[in-house]
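1. sequence plus the predicted model coming up.
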Amino acid sequence: MSNPSAPRGGGRLADNIAYFARALRQAGLPVGPGAVLDALAAVEAARIGTREDFYWTLHAVFVKRHEHSILFDQAFRIFWRRRALIEKLIAQMSPIAPGGPEEKKPQAGALRVAEALATPRQEPPKPVETTEFSARLTVSDREVLKAKDFAQMSAAEIARAKRLIAEMALPHDEVTTRRFLPDPRGRRIDPRRTFRRSLRGGGAAIDLAYRSAAVRHAPVVALVDISGSMAEYSRLFLHFLHAIAEKRRRVHSFVFATRLTNISRELASRDPDEALARASKRVQDWEGGTRIAHALHDFNRHWSRRVLGQGAIVLLFTDGLEREVTRELTFEMDRLKRSCRRLIWLNPLLRFDAFEARAAGIRAMLPHVDEFRPIHSLASMEQLCRALSGEPSRLSAPRQWLGAS
């Protein structure tokens, strides 16, 4: 291979690709020196002719997971078109690209990419005497981070949010079963254990043994929408499910976009990043379209009898923006509601104060849920934990949203 600093295309394109790779690494993508060399070799071998070919060539090298596509897309658009976000020296070395249309509203993930590209390259400062402080978040920082929208978080804030999710007080929802366990303080007499005790002493005395009903955590079943509009929220919600699964065994996780996939075994891994990486490899329709009715039909037909026993709670995580609203959606929602103890709908659209249930898909699903809650920040996750531990609140009743429109 020829010298990377001087590819056949001429100019300083190799330097710009290296700087672009470093920006991707700062934005959260696992890009190393080997990937940079592979990208240079791919660009040289592909004989890039159009901007689209150049985009997909770099995409094939740098993007290894489905959830990284949105960050790569934002980084590519900003780096190769928006000169204002790149320092002057790098902008002079960048290849000239035709001007695009006027800038639109920032999409999800654009903040992390903009921060990574706007970081200036400076010489390392001279060492000075500094006072070391604790790296833990202060009370004010925690409150700001808890109230911040997931889609507006930077890469560093997402990393801190993951740590706070792991430290979160998880739901303590217990149900009484029909099984009994030995309990010296129980109110029921255990005949079998009582007879055994009396036989040990020859039957001269009867030592009563007591038992009480067994109590266990209610199963949690999550149906998570991973379509393009839900990507930034579903990623951190899967971290929340991993934290619950780590402390509670009976957690069943399903993801869907155009098809339903069971990722319960993948989320059973102790390391959250490894668990999500294994899940992303199994899922084939990450950030695809949305087929809520088809996913619910598949779940009700193949999985509901397996996982919806013993007072299970279903967490339906979706925005409800179904393209084709038919009677099947209403039928499957009603069937799901009748199969579980509580059906809680978690919708990121509730983060807007002016939200109204006007979409046909939302209005078709709302009558069949017990609670309708927002899920867009750490504070909303804590409210969900409190709701799972106690009784549903009146503020989350779905009737008010139907009456509002």
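-> Arrived safely. Residues are numbered from 1 along each chain as shown.
2. domains of the chain?
-> Here the domain assignment for the chain is 13-118, 182-216, 218-404, based on automatic domain parsing.
3. so which bits of the shortest one are buried?
-> Applying a neighbour-count criterion of 16 or more other C-beta atoms under 10 Å, one finds 190, 194, 198, 209-212 buried in domain 182-216. Every C-beta, even on glycine, is put in place using the N, C-alpha and C of the backbone.
4. pick the one among those residues closest to Gly288.
-> Ser212 (49.1 Å; C-beta to C-beta).
5. so which of the domains of the chain is the most surrounded?
-> When those are scored by mean count of other C-beta atoms under 10 Å, the highest mean neighbour count falls to domain 218-404 (a mean of 19).
6. confidence score at the residue nearest in space to the middle of the chain?
-> Central residue of the chain (C-alpha atoms, centre = their mean): Arg235, 2.1 Å from the mean position. Arg235 carries a pLDDT score of 84 in this model.
7. ok, now Gln152?
-> 70.
8. where does pLDDT dip in the stretch 51-200 of the chain?
-> For the stretch 51-200 of the chain, residues meeting the criterion pLDDT under 70 lie at 67, 80-143, 146, 149, 151, 154, 166-177.
9. quick one on the thing from earlier: which one of the buried residues of domain 182-216 is nearest to Arg265?
-> Ser212 (33.5 Å).
10. for the closest one, list the residues it contacts.
-> Contact partners of Ser212, counting by C-beta atoms under 8 Å, 6 or more residues apart in numbering, are 180-181, 183, 185-188.
11. related to what we said a few turns ago, okay, and which of the buried residues of domain 182-216 map to strands?
-> 210-212 (DSSP state E).
12. mind putting the residues you listed into CSV with pLDDT?
-> Formatted as CSV, those follow (pLDDT from 0 to 100):
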residue, pLDDT
Tyr210, 87
Arg211, 86
Ser212, 83
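13. can you redo those residues as a markdown table with distance to His242?
-> Compiled in a markdown table, those are given as follows (distance: C-beta to C-beta, whole Å):
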| residue | distance to His242 |
| --- | --- |
| Tyr210 | 39 |
| Arg211 | 35 |
| Ser212 | 32 |
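14. on that earlier part again, nearest to Ala147, out of the domains of the chain?
-> Of all the domains of the chain, domain 218-404 comes closest under C-beta to C-beta, at 5.5 Å.
15. least reliable of the domains of the chain by average pLDDT, please.
-> domain 13-118 (a mean of 68).
16. and the residue of the chain positioned farthest from its centre, how far from Ile313?
-> The C-alpha centroid of the chain is most remote from Ala204, which lies 63.6 Å away (C-alpha atoms, centre = their mean). Separation of Ala204 from Ile313 (C-beta to C-beta, to the nearest Å): 51 Å.
17. same question, Leu336
-> For Leu336, the distance to Ile313 - C-beta to C-beta - is 12 Å.
18. equivalent analysis for Arg351, please.
-> 23 Å.
19. now do Ser198
-> Counting by C-beta to C-beta - Ser198 and Ile313 are separated by 43 Å.
20. all helices of the stretch 301-405 of the chain, in order?
-> 304-307, 327-339, 360-365, 378-389, 399-404 (DSSP state H, counting those that start in this stretch).
21. of these, which approaches Ala35 most closely?
-> helix 378-389 (32.4 Å).
22. next one: the closest one to chain centre, how far?
-> Here helix 378-389 is found 16 Å from its chain centre; the criterion is C-alpha atoms, centre = their mean, to the nearest Å.
23. what does stretch 218-232 give?
-> That offset, for stretch 218-232, works out to 7 Å (C-alpha atoms, centre = their mean).
24. Ala46 is in contact with Asp53, correct?
-> Yes. Using C-beta atoms under 8 Å, Asp53 is in contact with Ala46, at 6.7 Å.
25. on that earlier part again, for the ones in strands among the buried residues of domain 182-216, which one is nearest Glu382?
-> For these, the nearest to Glu382 is Ser212 (31.5 Å; C-beta to C-beta).
26. distance check, that closest one against Arg341.
-> 22 Å.
27. sweet, I'm off.
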